[in-house]
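>>> coords please:
(2 chains)
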Amino acid sequence: MAQAAHAKHPNYVGVFIGLAVLTGVELMVAFLPWSKTTIILLLILLAVWKALMVALYFMHLRFESNRLRILAVAPLPLAAIMVVAVLTEYVW
Amino acid sequence: MTHAVTEGSVMLPAAEAEQGAGVYNEKLGMWIFLLSEVMFFTALIGSYIILRFSNPAAWPAPGAVLNIPVTAVNTFLLICSSVTMVKAFANAQDGDQRMLRIWLVLTVLIGASFVGIQAFEYNQLIGHGFLPSSGLYGSTFYTMTGFHGFHVTMGVLCMIYVTAKAFRGRYTPDDYRGVEVIGLYWHFVDLVWIILFTIVYLI
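Have a look, this model is predicted:
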């Protein structure tokens, strides 16, 4: 399988430092004396941010073809519908 | 090493006969498997939301039962293992056999440490009487973290296999499929833990 050797690598260590810092921020936010709703929204935002960093850089989605990207995000609307559907039962 | 190729060439292209999503078959197969895993963990998280919202009194405050500092260390370890995995991948691309093996061995060791710390955490919790039968909180906690721990354990076993092949010189800059495919699985397990750590431990 032919391919170009010595590919240009993303800054993996920079992504790692970002993930470590965001984890530290999560731990601080979880115990802040703010309203429960604000803390939950912030924690979910931070978790999604970290998950995106892993998917885009460590799983290389940022460098993949559009066809694979579309395939990769295909279940996310279904997952979102499921979570929103169960949430609506209790929120509204 | 010279790094002069554009971003588009970072990934291994598909062979002529394997065109589809633009990737080779093993990688496409792993991605499809991971997509099914997304729905598997979404089902677990959806069930968790239903049970938690319908029984809010069954959930104590974060840190009241679970050991957050120990789990935070474990979270950091899993992030470390993701970076060692991706460094192994980069060295497989560059053909640096020595560093490929070192990074893979580190990934195995850190992954095994994660499982060990989770076993320690379970042992502590069970010692304090917190069991899967301890109501909804216990059953959802052990189900979600247990399934994730099972995935990590399987990942470590597969990684040992890939590492053994790396020591036999199986991976070259022209063919590093095994490293890339196990790497995708490993990063996905890390990604799932990022979500579970927030939902199960911090919220």
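>>> For the rest of this, base every contact and every neighbour count on C-alpha atoms.
Will do.
>>> pull the longest helix from chain B.
helix B:135-167 (DSSP state H).
>>> hmm, that helix in reach of chain A?
No - Helix B:135-167 is not in contact with chain A by C-alpha under 8 Å from any C-alpha of the partner chain; minimum separation 15.3 Å.
>>> Any stretches of the chain with poor pLDDT?
Here I'm looking at chain A. Residues of chain A meeting the criterion pLDDT under 70: A:1-7, A:91-92.
>>> To clarify, I was referring to chain B.
B:1-9, B:13-21.
>>> re the thing from before, which strands and helices sit next to the longest helix of chain B?
The contact analysis (3 or more C-alpha pairs under 8 Å, 6 or more residues apart in numbering or on different chains; DSSP states H and E) places helix B:135-167 against helix B:25-54, helix B:97-127, helix B:177-196.
>>> which helices and strands sit right next to the shortest one?
If I follow you right, that is helix B:177-196. Partner elements for helix B:177-196 (3+ C-alpha pairs under 8 Å, 6+ apart): helix A:36-53, helix B:25-54, helix B:68-94, helix B:135-167.
>>> go on, the first one?
Under the contact definition 3+ C-alpha pairs under 8 Å, 6+ apart, helix B:25-54 sits against helix A:75-91, helix B:135-167, helix B:177-196.
>>> Out of these, which one sits most buried?
Neighbour counts (mean count of other C-alpha atoms under 10 Å in any protein chain shown) averaged over each of the helices and strands packed on helix B:25-54 peak at helix B:177-196, with a mean of 22.
>>> Okay, angle between that one and helix B:97-127 too, please.
Orientation of helix B:177-196 against helix B:97-127 (axes from the mean of the first three to the mean of the last three C-alpha atoms, to 10 degrees) gives an angle of 30 degrees.
>>> which residues sit against helix B:177-196?
Here helix B:177-196 makes contact (C-alpha atoms under 8 Å, 6 or more residues apart in numbering or on different chains) with A:47-48, A:50-51, A:54-55, A:58-59, B:26-27, B:30-31, B:34, B:41, B:75, B:78-79, B:82, B:85-86, B:88-89, B:92, B:144-145, B:148, B:151-152, B:155, B:158-159, B:162, B:171.
>>> Show me which of these are buried.
Among these, those buried by neighbour count (16 or more other C-alpha atoms under 10 Å in any protein chain shown) are A:47-48, A:50-51, A:54-55, A:58-59, B:27, B:30-31, B:34, B:41, B:75, B:78-79, B:82, B:85-86, B:88-89, B:92, B:144-145, B:148, B:151-152, B:155, B:158-159, B:162, B:171.
>>> Now do residue B:55: how many residues are near it, please.
12 (other C-alpha atoms under 10 Å in any protein chain shown).
>>> I'd like to know how far it sits from residue A:90.
Per C-alpha to C-alpha, to the nearest Å, residue B:55 is found 11 Å from residue A:90.
>>> Quick check: phi and psi on residue B:173?
Backbone torsions of residue B:173, given as degrees, to the nearest 10, read phi -60, psi -20.
>>> The spatially closest residue to it that is not a sequence neighbour: how many residues sit nearby?
Excluding the flanking residues, the one nearest residue B:173 by C-alpha to C-alpha, 6 or more residues apart in numbering or on different chains is residue B:93, at 4.6 Å. By the criterion of other C-alpha under 10 Å, residue B:93 has 30 neighbours.
>>> Also residue B:94?
The burial count for residue B:94: 23, using other C-alpha under 10 Å.
>>> With residue B:54 instead?
With other C-alpha under 10 Å as criterion, residue B:54 counts 12.
>>> Quick one: residues contacting the residue minimising distance to the centre of chain A.
For chain A, the residue nearest the mean C-alpha position is residue A:51 (2.1 Å; C-alpha atoms, centre = their mean). Taking C-alpha under 8 Å, 6+ apart as the criterion, residue A:51 is in contact with B:191-192, B:194-195.
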